[in-house]
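> Provided below for reference: sequence and predicted model.
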Amino acid sequence: MISSPLLIQRCPVNTEDATLNPASQVLRDVFGFDQFRPQQADVIEHLISGEDALVLMPTGGGKSLCYQVPALVRDGLAIVISPLIALMQDQVGNLRQHGVAADCLNSAQTPEQNRDTLSRIERGETKLLYVAPERLLMGSTLALLDRVHLALFAIDECHCVSQWGHDFRPEYAQLSVLAQRYPNTPRIALTATADQTTQRDIRNRLCLENARTFLTSFDRPNIRYRIEARYKGVEQLARFLKDEHAEDTGIVYCLSRKKVEDIASKLADRGFNALPYHAGLAREIRQRHLERFLRDDPVIVVATIAFGMGIDRPDVRFVAHLDLPRSIEAYYQETGRAGRDGLPSTAWMVYGLQDAITHRQMIDEGSDLGQQQVERSKLEALLGLCESTACRRHMLLSYFDEVRDTGCGNCDNCLNPPETWDATDAARMALSCVYRTEQRYGVNYLIDVLRGEGGDRVRRAGHDRLSTFGIGADITANEWRAVFRQLVALGFLRSESSRMGALMLNESARPLLRGEQRVQLRKDATPSTSKRRAGRGGKRAAAPADIDESLWARLRALRMELATVEDVPAYMVFSDATLTELAAAQPTHLAEMLSVSGVGDAKLERYGDAFVGFFVEYHRDQEMPAD
Ligand code: ADP
Ligand code: ZN
């Protein structure tokens, strides 16, 4: 997928400008940015001076530059270890767009391509080499590294080294070899998600005990978090997309392969460019859909978690979950794929009681009791997030030990504080109904009994004679569902895999049943109100704020045209952020264009004429008197 390699060996130090340090010069000339982000500058300086670093920075925070800039400033070859081919190709493609001599070694390349790469390395032409851990650890690769001068090692997605992380990769564990074999080469390990346990594991396993840690807030301020009760998943999703992301690229996550196929085809029927992706599809199909995800604009991929790591597309405007993920970490990782470019994006999820039940069953089926315990508490934390009436961002960040004291103003609960109600009586009815039916029934049956419905099945069991029969007739079935869902989420009720979805009482239900405790529950927003209240006011997300819609469409078309000619994804020509700046600056000279953030020397040379030409014409059209 990488177009013909452009292997410019860039001389990083431009002697014209003595006021800039070499790192800032690389930032400006190669990447076209004026300033480092907070932390980036410190990490880069630390690494350039030859020290080791562990960098925890959220997705979109700008981790890549943390090692790419030092790689260009330091002498020798920089090795970047990456777990996925797609990720490597994306990064190498991007670097080449910036005129940097980057290469990769992996099984997706032909033996001939890999041989060419090796000889470029031998000749000292390559500045950055992306490689998978398996290949790096092969004797022949290590022997090659012994012969060349090394600038640094960067270990990307380093949480893969930890069993506690969510993407464990055993090969990562062997990377400790690098510390022993190349003690004088600085190493930097980077990740976007690692709780305390995972961080400790990373340090131990990669021999980074003495590395300095650079911790940036995990917050993703541009992502708006929204979680709603699921009524009719597909319809809720379709409405969300139509109202708010009609022309945007995004990812929809579902739990099962079957559901992925189903949702993808239903979205396609509704006119969306939607593609399924899961591990059960043939390799070629997966590859094709991945490529289309990177190239089409807009495109929606409906996927299981098999679609994930390595999705580096920066302009993913939404991530939707139709089912509950496994844990807050997984949720954060998955939603984190939205808005890598820093522009407004949505993390939208619907969930229901069945999710809690299914997950509990999956956990119970595991064999290791300790693991079950860990997973159960992770599930509880996630359910707590779903049912919370407080700021979602607070809850997410506090899970990663970050404390905030004011609401974020960019989540559903902050924007439209949910109503709560004193549900003590309803909860007692529900719990006592579970008790009187001997903890043998699922939620639908229990609701029938409470509402005095249910026909033969209820009568045959004699449950029409129970004191709880019909006592909850004035509460609708949907409202009851919300009550049961929250009672499960709050730990008053549980389900066990051996009992087929039957709800059972937990010890903590006792005080509530006996009337010694009161309980407040959240009122579900009905789908029609949630749309109006939490959305973007019905505005289609076609163009960024303040940018003329037709200008935006034309710029996108021009970008796509250039991308198609070069056979690269559109975002590799310019990111949405850069395109937005171009739309605002409307440069009609190359020098003007160079001052736009994201336009470096190589991109100016390649695309400058096209965009400047476009704006010259655009201005002429604007000035023409309409007749
Ligand atoms: P991460 O790997 O942490 O998810 P990336 O390295 O992909 O993030 O960077 C995210 C986006 O931010 C990219 O589009 C990148 O070009 C941009 N970016 C990074 N550093 C800067 C900077 N100093 N100034 C402007 N944009 C930046
Ligand atoms: Zn909030």
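Sure thing, it's come through. Ligands and ions are numbered 1, 2, ... in the order given.

> Average pLDDT for stretch 183-200, rounded please.
Per-region confidence: stretch 183-200 scores 89 on mean pLDDT.

> Can you give me the buried ones in it?
Judged by neighbour count (16 or more other CB atoms under 10 Å), stretch 183-200 contains these buried residues: 185-195, 198-199. All C-beta spots, glycine's among them, are computed from the backbone N, C-alpha and C.

> again, but for stretch 364-381
Neighbour counts over stretch 364-381 (16+ other CB under 10 Å) mark 375, 378-379, 381 as buried.

> now, which of the residues you listed lie within strands?
In this view, the buried residues of stretch 364-381 have no member that belongs to strands under DSSP state E.

> and the residues you listed as a markdown table, adding pLDDT and distance to ligand 1?
Formatted as a markdown table, these follow (pLDDT from 0 to 100; distance: CB to the nearest ligand atom, whole Å):
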| residue | pLDDT | distance to ligand 1 |
| --- | --- | --- |
| 375 | 84 | 27 |
| 378 | 85 | 24 |
| 379 | 88 | 27 |
| 381 | 89 | 24 |
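
> What is the neighbour count of the residue in the stretch 451-600 of the chain positioned nearest to ligand 1?
Proximity of the stretch 451-600 of the chain to ligand 1 (CB to the nearest ligand atom) peaks at residue 575, 4.9 Å away. The local packing of residue 575 (other CB atoms under 10 Å) involves 21 other residues.

> Let me see the contact set for it.
For residue 575, the contact set (CB atoms under 8 Å, 6 or more residues apart in numbering) comprises 314-315, 341, 598.

> now residue 387
Going by CB under 8 Å, 6+ apart, residue 387 touches 485-486, 489-490, 522.

> In the protein, which helix is the longest?
In the chain, assigned by DSSP state H, the helix with the most residues is helix 601-623.

> That one packs against which elements?
With contacts taken as 3 or more CB pairs under 8 Å, 6 or more residues apart in numbering; DSSP states H and E, helix 601-623 sits against helix 85-97, helix 549-566, helix 590-594.

> can you tell me which of those helices comes nearest to ligand 2?
Of all those, helix 549-566 sits nearest to ligand 2, with 28.9 Å by CB to the ion.

> quick one, that closest one and helix 85-97 angle?
100 degrees (axes from the mean of the first three to the mean of the last three CA atoms, to 10 degrees).

> got a list of contacts for helix 549-566?
3, 295, 297, 542-544, 569-570, 572-574, 579, 582-583, 607, 610-611, 614, 618.

> Residue 207 contacts residue 181, doesn't it?
No - using CB atoms under 8 Å, residue 207 is not in contact with residue 181; the gap is 11.1 Å.

> Run through the contacts of helix 549-566 and flag the ones next to ligand 2.
Restricting the contacts of helix 549-566 to those within reach of ligand 2 (CB under 5 Å from the ion) leaves nothing.

> Quick check: residues of this protein near ligand 1?
Residues of the chain lying close to ligand 1 by CB under 6 Å from any ligand atom are 33, 35-37, 40, 57, 59-65, 314, 340-341, 575, 597.

> Give me the subset of the buried residues of stretch 183-200 that lies in strands.
Counted as lying in strands by DSSP E, out of the buried residues of stretch 183-200, are 187-191.

> Could I get these in CSV, plus columns for distance to ligand 2?
Shown next, in CSV, are these (distance: CB to the ion, whole Å):
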residue, distance to ligand 2
187, 37
188, 33
189, 31
190, 27
191, 25
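
> And those, which is closest to ligand 1?
If you rank these by distance to ligand 1 using CB to the nearest ligand atom, residue 190 comes first, at 7.5 Å.

> got the residues of the stretch 351-500 of the chain near ligand 2?
391, 393, 407-408, 411, 414.

> neighbour-wise, which of residue 207 and residue 181 wins?
residue 207 (17 against 11).

> Model confidence for the nearest residue to the more buried one once chain neighbours are set aside, exactly?
With sequence-adjacent residues excluded and distances taken as CB to CB, 6 or more residues apart in numbering, residue 207 is closest to residue 179, at 3.8 Å. Looking at residue 179, its pLDDT reads 95.

> burial count for residue 406?
Neighbours of residue 406 under the rule other CB under 10 Å: 8.

> That should have said residue 590, apologies.
Using other CB under 10 Å, residue 590 has 14 neighbouring residues.

> so how far is residue 600 from the residue lying closest to it once chain neighbours are set aside?
Residue nearest to residue 590 in three dimensions, not counting chain neighbours: residue 608, with 4.8 Å by CB to CB, 6+ apart. Remark: distance between residue 608 and residue 600 (CB to CB, to the nearest Å) = 11 Å.

> what do you get for residue 488?
Separation of residue 488 from residue 600 (CB to CB) stands at 53 Å.

> What strand or helix carries residue 103?
Take DSSP states H and E as the rule and residue 103 turns out to sit in strand 102-105.

> same thing with residue 64?
Here residue 64 is assigned to helix 63-73, by DSSP H and E.

> Each with direction, which strands does the very next helix or strand once past that helix pair with?
Downstream of helix 63-73, the first helix or strand assigned by DSSP H and E is strand 77-81. Strand 77-81 has the following strand partners under DSSP bridges: strand 128-131 (parallel), strand 150-155 (parallel).

> So what angle separates the directions of the longest one and strand 187-191?
When the same axes, to 10 degrees is applied, the directions of strand 150-155 and strand 187-191 differ by 30 degrees.

> need the residues of the chain near ligand 2, please.
The chain comes close to ligand 2 at residues 391, 393, 407-408, 411, 414, as judged by CB under 5 Å from the ion.

> let's see 8 Å
Counting by CB under 8 Å from the ion, the chain comes close to ligand 2 at 225, 390-394, 407-415.

> Alright, I will stop here.
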